[in-house]
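In: from the sequence below, what's the structure:
(2 chains)
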Amino acid sequence: MTRDEMLKGYKTMLLIRHLEQRLVDYYLKNKVMSFVHFYVGQEAVAAGVCHALTADDKVFGNHRSHGHYLAKGGDPVAMVAELLGRKTGCCHGKGGSMHMIDKSVNFMGSTPILGSVVPIATGSALADKLSQNKNVTVAFFGDGASEEGVVSESINLAALFRLRLLLVIENNLYSVMSKLKDRRAENHNTEGLVTGLGAKYIKADGNSYIDVYEKAKQALGFIADGIPVVLECIVYRHMAHSAPLFDDKAGYREIDVLAERERQCPIRKLRALLSADLMPEQALDEIEASIRESCNQAVEQACAAPYPEAGEIFTDVYA
Amino acid sequence: MSTHNNLSYTDAIKESMLRSMELDDNIFIVGLGVSYPNGADGTTKGLKERFADRVFDTPVSEAAVTGAAVGAAIRGKHPVVHHGRVEFALLAMDSILTQAAKWNYMFGGDNPVPIVFRIAVGRQWGNGPQHTQALYSLFGAVPGLKVVVPSTPRQAKGLLNSALKDKNPVVYLEPRWLYGTRQNVSADHYFDELAKARIVKSGTDVTIVSYGDGVMDVLKADQFLRENNINAEVIDLVSLQPMDHETIARSVKKTGRLVTFDTTHGCFCVGSEIIAKVCQSDFCALKAAPVSIACPNVPCPTSTALTDHFYPTKNDIIRSVYVLFGRPAIDLGRLSFEELHLSPKFEFSDAV
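Out: Model prediction:
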């Protein structure tokens, strides 16, 4: 991977990390009443997959989709404004954190009832097939969601209809706080399930931007030949399931303890590679400072935006 | 204007499907067996031959198929999802109630989901507890959906035409009891309003509100009442969500008496909702306590010896209206086995 390609990933991951970090502070100090699921630690998956796509490719997300939205190019100010319930939010205050959307960059919407997003993305790919479009549709969802029956049904449909569909499982090891081993038989085999349904299975190191990017590119090759792909990225969720807090004391983490998370941090790892490529430390620091500043500005702008009018509760029930 | 004489409810749906698909390339239909020679109870017969790429028989994956149709609608197609029984649609409720119904609202507008969920509901001889539910109130309870129940062949065509032009998710509930009913239907491609109740017959003495297959029973009862000097106003709700409470309120203000007729369970039924709204908005207009007629609060049994007592009939309507007017009870006899248990070949007049 070239230095410019690495830098692109580095900047996107920093944007996601710092904007969420800024929101953590804000959430803890203020009464923000939008349920939130932070993406900290998983940035390489969103950045790696989205950077492998073309601008025309469509992306759908889930309850934990700040990263997917930002990596696809979604407007950071509209995202923060939505979390803060403002009129200028990407859903005008009606969605909140779990409903990111920016159709101008083909981020088509995130919907938080887990596996729900998978048939919807399948239908998006079906629409493109019927219209003879060449673009791909991507759905991001978690290891918990992948256990829902509708996911298997959708893979079968996508393989049957030869749809241009990339399903990205972000396996962060837990469904809320439930471990994989408490939810799956010892000989559970995701690859066997996926390939048995007629799709292709690829596994990536979700803590590595380069690996995710390269595996996503590989997946797009199969998809161009009419074979839908499930890309499973093994990744660490640094924070609690749905709070702006770390939860190491909750006692359920085994592999992904704090020290290991820090060691595997995708941003830190990519920065090390950039340094090894003789990128000056000062330049890397400057990039980070500039992104941090732009995140501060996004939060400031969002905070200055007005709330929706009371009457807006009644608008948009129907299109 | 040319007319199809005595068109069946089934053929009225088929005609709307065919013509709508001719007019709009974005329309496609998915569902179990929709490509069969007599697919979807005959309502998709011949569609596959006409539109080979837009009629999809699907795997038995109700949740994924329905969700995929919602996804295609989000991307600008206009899918029709057919569920031959509401019990199978229940496997896809996330896509209908949580995804399609909320999508435009939760993203702050400008996110239409143009889709029609065609779901067959209700009574059919011998089908028992798990093949005859209607669940009207379930769909009616969800804002963001438009929910219609066509009561005649003419409505079946006009409402489906409108549903296939609408930008929103429309749940089109087909009482299978009506498939064999007939009516003269215009050959034009006409549109009936989705969210508006209609006064099927105006009257002055009592308001009788029903929808779907119940309207036919109310019309039968009305004939008897007319012959016995009671002039009922018959309202077909047409739409369960949103519900046209204004039309009902105006009628009750005029008649002072209200009877509701559901062909499904009386608990949480549509009649209960109507009565609640009328009592809240204009209690003083009522000259007598309103009456809700519905099925008993038990699952639908299978034996005809039991279903004899399950579905309410025109006689129940007549008896209730007589009570409202303080008239003595009359012996109406028993309905024939055919009328109680076999799907009707009823012919709706041009007036309704």
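
In: assign a three-state SS to the residue positioned nearest the centre of chain A, would you?
Out: With distances taken as C-alpha atoms, centre = their mean, A:H68 lies nearest the centre of chain A, 3.5 Å away. At A:H68 the chain is in helix, as set by DSSP: H, G, I helix; E, B strand; the rest coil.

In: who are the contact partners of residue 219?
Out: Since you didn't name a chain, this refers to chain A. A:L166, A:K200, A:I202, A:V229, A:L231 (C-beta atoms under 8 Å, 6 or more residues apart in numbering or on different chains). C-beta: built from backbone N, CA, C; applies to glycine.

In: wrong one, chain B
Out: B:L219 makes contact with B:V200, B:K201, B:V234, B:F348, B:V352, according to C-beta under 8 Å, 6+ apart.

In: what mean pLDDT does the host helix or strand of it have?
Out: Take DSSP states H and E as the rule and B:L219 turns out to sit in helix B:214-227. Across helix B:214-227, pLDDT averages out at 98.

In: strand partners (parallel or antiparallel) of the helix or strand following that helix?
Out: Sequence-wise, the next helix or strand downstream of helix B:214-227 (DSSP H and E) is strand B:232-236. Sheet pairing of strand B:232-236 (DSSP bridges) gives strand B:198-201 (antiparallel), strand B:206-210 (parallel).

In: buried set for strand B:232-236?
Out: Residues B:A232, B:E233, B:V234, B:I235, B:D236 are the ones in strand B:232-236 that count as buried (16 or more other C-beta atoms under 10 Å in any protein chain shown).

In: what about B:A68, which helix or strand?
Out: helix B:62-74.

In: check which helices and strands that helix is in contact with.
Out: helix A:117-130, helix A:149-161, strand B:27-31, strand B:78-83, helix B:86-89, strand B:115-121 (3 or more C-beta pairs under 8 Å, 6 or more residues apart in numbering or on different chains; DSSP states H and E).

In: can you show me the strands along the chain?
Out: If you meant another chain, say so; for now it's chain A. A:58-61, A:107-110, A:137-142, A:165-171, A:174-175, A:178-179, A:200-205, A:229-234 (DSSP state E).

In: wait, chain B was what I had in mind.
Out: Counting by DSSP E, the strands of chain B are B:3-8, B:27-31, B:55-57, B:78-83, B:115-121, B:146-148, B:169-175, B:182-186, B:198-201, B:206-210, B:232-236, B:239-241, B:258-265, B:291-295.

In: would TSV of those strands with mean pLDDT be doable?
Out: Shown next, in TSV, are those (pLDDT from 0 to 100):
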stretch	mean pLDDT
strand B:3-8	96
strand B:27-31	98
strand B:55-57	96
strand B:78-83	98
strand B:115-121	98
strand B:146-148	98
strand B:169-175	98
strand B:182-186	98
strand B:198-201	98
strand B:206-210	98
strand B:232-236	98
strand B:239-241	98
strand B:258-265	97
strand B:291-295	98
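
In: got the strands paired with strand B:232-236 as a markdown table, with mean neighbour count columns?
Out: Below are the strands paired with strand B:232-236 laid out as a markdown table (neighbours: other C-beta atoms under 10 Å in any protein chain shown):
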| stretch | mean neighbour count |
| --- | --- |
| strand B:198-201 | 18 |
| strand B:206-210 | 29 |
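
In: can you state the direction angle for the helix holding B:L219 and strand B:232-236?
Out: Here the directions of helix B:214-227 and strand B:232-236 differ by 170 degrees (axes from the mean of the first three to the mean of the last three C-alpha atoms, to 10 degrees).

In: just want the residue of the stretch 151-300 of chain B that's nearest chain A.
Out: B:K167 (4.3 Å; C-beta to the nearest C-beta).

In: need the contact list for that residue.
Out: Contacts of B:K167 (C-beta under 8 Å, 6+ apart): A:Y318, A:A319, B:P112, B:V113, B:P114.

In: how many neighbours does the nearest residue to the second one once chain neighbours are set aside have?
Out: What sits nearest to A:A319 in space, not counting adjacent residues and going by C-beta to C-beta, 6 or more residues apart in numbering or on different chains, is B:P112, at 3.4 Å. Residues lying near B:P112 (other C-beta atoms under 10 Å in any protein chain shown) number 17.

In: show the pLDDT at B:P112.
Out: In this model, B:P112 carries a pLDDT of 98.

In: for it, list the residues it contacts.
Out: B:P112 is in contact with A:A319, B:A73, B:N104, B:K167, B:N168, counting by C-beta under 8 Å, 6+ apart.

In: most neighbours out of those, which is it?
Out: Top of the contacts of B:P112 by neighbour count (other C-beta under 10 Å): B:A73, with 28 neighbours.

In: what does the pLDDT read for A:N30?
Out: Looking at A:N30, its pLDDT is 83.

In: ok, B:G84 next?
Out: pLDDT at B:G84 comes out at 97.

In: can you check B:S251 too?
Out: On pLDDT, B:S251 comes in at 98.

In: look up the closest residue to it, ignoring the ones flanking it.
Out: B:T207 (4.3 Å).

In: so what's the one you found up against?
Out: Neighbouring residues of B:T207 by C-beta under 8 Å, 6+ apart: B:A232, B:E233, B:I235, B:I248, B:S251, B:V252, B:K254, B:T255, B:R257, B:L258, B:V259.

In: hang on, the earlier thing: now the contacts of B:P112 in a markdown table, please, with extra columns for distance to A:G85 and pLDDT.
Out: Shown next, in a markdown table, are the contacts of B:P112 (distance: C-beta to C-beta, whole Å; pLDDT from 0 to 100):
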| residue | distance to A:G85 | pLDDT |
| --- | --- | --- |
| A:A319 | 22 | 97 |
| B:A73 | 28 | 98 |
| B:N104 | 19 | 98 |
| B:K167 | 27 | 98 |
| B:N168 | 25 | 98 |
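
In: kindly present those residues as CSV, with separate columns for distance to A:N171.
Out: CSV is the format used below for the contacts of B:P112 (distance: C-beta to C-beta, whole Å):
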residue, distance to A:N171
A:A319, 36
B:A73, 30
B:N104, 32
B:K167, 38
B:N168, 37
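
In: quick one: which of those is nearest A:Y213?
Out: B:A73 (32.1 Å; C-beta to C-beta).

In: so B:S320 makes contact with B:V291?
Out: Yes - counting by C-beta atoms under 8 Å, B:S320 does reach B:V291; the two are 4.7 Å apart.

In: now the stretch 151-300 of chain A against chain B: closest residue?
Out: Nearest residue of the stretch 151-300 of chain A to chain B, counting by C-beta to the nearest C-beta: A:E153, 3.3 Å away.

In: got a list of what A:V32 touches?
Out: Taking C-beta under 8 Å, 6+ apart as the criterion, A:V32 is in contact with A:Y26, A:L83, A:L84, A:G85.
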